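Generate a structure from the sequence data that follows.
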Amino acid sequence: MNRIATSVAVSAMFSCLAGPRAEAQTAQDIVGTWTLVSAVAQQGGTQVETFGPNPIGTLMFGSDGRYALVFLRRDLPKVASNNRASQTSEEG
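Residues are numbered from 1 along each chain as shown. As a prediction, the model looks like this:
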């Protein structure tokens, strides 16, 4: 009897310590619209803010597997012609 009580207590203790199990994410877990909060890349031992210190952006995942990604740099200077394809070398 003492052996059974001890084994039940030990198994109860181990099941409590194991805690909740991690579940794998599915594609449906990321469906929706997400907002960019930072864009930092590692280059060597340094961090580089790819789209500047305060980027803006949106990432959308559809349930059909398609996605759209838009990242913008807030401090991008204006181009005089209002057309980046025809900017001057001084503006680029």
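
Now do the helices in the protein.
2-18 (DSSP state H).

In it, where is pLDDT below threshold?
1-22, 84, 92 (pLDDT under 70).

Not counting its neighbours along the chain, what's nearest the residue nearest the centre of the chain?
The chain has residue 36 as the residue nearest its centroid, 8.1 Å off, counting by C-alpha atoms, centre = their mean. Closest residue to residue 36 apart from its sequence neighbours, by C-beta to C-beta, 6 or more residues apart in numbering: residue 57 at 3.2 Å. No exception for glycine: its C-beta is placed from N, CA and C like everyone else's.

likewise residue 88?
Using C-beta to C-beta, 6+ apart, the closest residue to residue 88 is residue 80 (7.4 Å).

who touches that neighbour in this structure?
Counting by C-beta atoms under 8 Å, 6 or more residues apart in numbering, residue 80 touches 87-88, 91.

Apply 10 Å and report the result again.
Residues near residue 80 by C-beta atoms under 10 Å, 6 or more residues apart in numbering: 86-88, 90-91.

what two of those are the furthest from one another?
Using C-beta to C-beta, the two most remote members of those are 86 and 90, lying 13.0 Å apart.

Tell me which of the two has more neighbours.
The neighbour count for residue 86 versus residue 90, taken as other C-beta atoms under 10 Å, is higher for residue 86 (10 against 6).

The more buried one and residue 80, how far apart?
10 Å (C-beta to C-beta, to the nearest Å).

Who's the closest spatial neighbour of residue 47, skipping the chain neighbours?
Nearest to residue 47 is residue 40, by C-beta to C-beta, 6+ apart, at 5.1 Å.

how much space between the one you found and residue 61?
For residue 40, the distance to residue 61 - C-beta to C-beta - is 21 Å.

So which of the two has more stuff around it?
Counted by other C-beta under 10 Å, residue 40 and residue 61 do not tie: residue 61 has more neighbours, with 18 against 10.

residues contacting that one?
Per C-beta under 10 Å, 6+ apart, neighbours of residue 61: 27-34, 67-69.
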